[in-house]
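Peer 1: Let me see the structure of the following:
(chains A and B)
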Amino acid sequence: MGALRMTTPRLLVLRALLADPGRERYGLDLATEAGLEPGTIYPILVAFEGAGWLSSREEEIDVHAAGRPRRRYYLLTAEGATAARSALARRRAASPAPSPGPDTGRLAW
Amino acid sequence: MVTGAAPAALTGGLRLVLAALTLLLPRGFRDRQRAEWTADLMTMTTGRWRYLFGAARTLPALRAAARRAGLSRGPTAVAHTTGALRAPARVLLFGLGWPVLSWVLLVPLSYFLFDIPGRIARSGGGPVDPKSLWPDDGVLFWVLLPLMLTLWFGTYVALAGGWLLAATIGLAGAVVGFGGRRIWFAVAGLGLAAVALLAVTVAGFPMFNADPGYGAALLGTIAVGLGLFGRSLGRWQRGWLVVVGLAAVAVLAAHHTALGADMHAWFRD
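Peer 2: Numbers count the residues shown, from 1 in each chain, chains lettered A, B, ... in the order given. So this is what the prediction gives:
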């Protein structure tokens, strides 16, 4: 799929995913980690999944016992990890100060 | 905002807005997104309306992303994988459940509930007709006749096993396949039923006394396995799978024990 246009929320999500690339995360969990407003993350996740940057699977639970519908878990693919690193590097190069380091909490622009 | 406590039910207002938002999504993507939103909202203690406002604000982007990702046409391959256990589970519940539960009701349960050994002894060893346990005329007879025939045929399928059981499983597969729009599943089910019926009608393989419970026990073991380990299945479905599976194994046990032989002799004679 073609390159995705990188917006601030998308970069925030990529940075949150890269913090632990091997861990599966669900939407709300990831939105919280990325610092996004709740409920706004799904267009980003679906776009990333469509681009092959994320894979997803339904949670395997007994919905009656859990008392809620199944969540969908997202995992960064190898292609997605490479693309995420280069997108974040490009953004850092474009706006060198202040750097969006892992401890700043916000991307800088 | 998010809590690890038990999920909380959604109020009517939240549900209404959620339903409206879901309706605005592409048809094939609705179930998936509704589940995501609902699960999130149920685990949030505060900020639910803010969440929905955010979801509404980004709805056009979500619609566009789903269409571009090809998710608007229907469930993803992942969802099919998760649902892969549901169809076999239903086939076993219908195709195996009907014969073995009919057998349980009409053979061992009736045998002990109506004290058949005592009746046989009191009649001096003469036959006790299983049909005598049911009303034989009047309104009740006609009301119960469909149930009686359903249980009777089911019991014969369980007792015969083999080709007859295979045909039943095949027909159940066809029904489940057509019902779930899984055409290849339905075709495979019809194929199995056709082969099994041709085997006993055209090829002349024996319909009865060819399988003393092994087919039922094999399918029953699979049913128990699905019931115990099929985590993506519902609780009730898993429970019934275990019940059906154990009943199927009991058919095998009855074929190979003296007590079972007595019960079957009573029912058949």
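
Peer 1: Does residue A:56 lie in a helix or a strand, and which?
Peer 2: Assigned by DSSP states H and E, residue A:56 belongs to strand A:54-58.

Peer 1: Tell me which other helices or strands the helix or strand following that strand touches.
Peer 2: The helix or strand immediately downstream of strand A:54-58 is helix A:63-66, counting by DSSP H and E. Helices and strands touching helix A:63-66, by 3 or more C-beta pairs under 8 Å, 6 or more residues apart in numbering or on different chains; DSSP states H and E, are helix B:235-255. Yep, even glycine has a C-beta here, placed from its N, CA and C like the rest.

Peer 1: For the helix it packs on, give the mean pLDDT please.
Peer 2: Across helix B:235-255, pLDDT averages out at 93.

Peer 1: And the lowest mean pLDDT element among the helices and strands of chain A?
Peer 2: The weakest-scoring helix or strand in chain A, judged by mean pLDDT, DSSP states H and E, is helix A:63-66 (a mean of 82).

Peer 1: Tell me which other helices or strands the very next helix or strand once past it touches.
Peer 2: As assigned by DSSP H and E, the chain's next helix or strand after helix A:63-66 is strand A:72-76. When contacts are defined as 3+ C-beta pairs under 8 Å, 6+ apart, strand A:72-76 sits against helix A:8-18, strand A:25-26, helix A:27-34, helix A:42-50, strand A:54-58, helix B:30-42.

Peer 1: same thing but 7 Å
Peer 2: Based on contacts counted as 3 or more C-beta pairs under 7 Å, 6 or more residues apart in numbering or on different chains; DSSP states H and E, the elements that strand A:72-76 packs against are strand A:25-26, strand A:54-58.

Peer 1: Any idea how many residues pack against the residue of chain B found nearest chain A?
Peer 2: Nearest residue of chain B to chain A, counting by C-beta to the nearest C-beta: residue B:69, 2.7 Å away. Residues near residue B:69, counting by other C-beta atoms under 10 Å in any protein chain shown, number 19.

Peer 1: Excluding residues flanking it in the chain, which one is nearest it?
Peer 2: residue A:50 (2.7 Å; C-beta to C-beta, 6 or more residues apart in numbering or on different chains).

Peer 1: Burial check on residue B:187, number of neighbours?
Peer 2: Residues lying near residue B:187 (other C-beta under 10 Å) number 14.

Peer 1: so it, which of the three states?
Peer 2: Of the three states, residue B:187 takes helix under DSSP: H, G, I helix; E, B strand; the rest coil.

Peer 1: which residue packs closest to it, ignoring adjacent ones?
Peer 2: Nearest non-adjacent residue to residue B:187, counting by C-beta to C-beta, 6+ apart: residue B:177, 7.3 Å away.

Peer 1: in what helix or strand does the spatially closest residue to residue B:239 that is not a sequence neighbour lie?
Peer 2: Nearest residue to residue B:239 in three dimensions, chain neighbours excluded: residue B:227, at 6.9 Å (C-beta to C-beta, 6+ apart). Under the criterion of DSSP H and E, residue B:227 resides in helix B:214-229.

Peer 1: between that helix and helix B:235-255, what angle do the directions make?
Peer 2: Put simply, helix B:214-229 runs at 150 degrees to helix B:235-255, going by axes from the mean of the first three to the mean of the last three C-alpha atoms, to 10 degrees.

Peer 1: And helix B:214-229, what does it pack against?
Peer 2: Packing contacts for helix B:214-229, counted by 3+ C-beta pairs under 7 Å, 6+ apart, involve helix B:162-179, helix B:235-255.

Peer 1: Do me a favour and average the pLDDT over it.
Peer 2: Averaged over helix B:214-229, pLDDT sits at 93.

Peer 1: Going by neighbour count, which residues of it are buried?
Peer 2: In terms of neighbour count (16 or more other C-beta atoms under 10 Å in any protein chain shown), helix B:214-229 has its buried residues at B:215, B:216, B:217, B:218, B:219, B:220, B:222, B:223, B:224, B:226, B:227.

Peer 1: before we move on, the earlier item: looking at the helices and strands packed on strand A:72-76, which one is packed in the most?
Peer 2: Between the helices and strands packed on strand A:72-76, strand A:25-26 has the highest mean count of neighbours, a mean of 22, where neighbours are mean count of other C-beta atoms under 10 Å in any protein chain shown.
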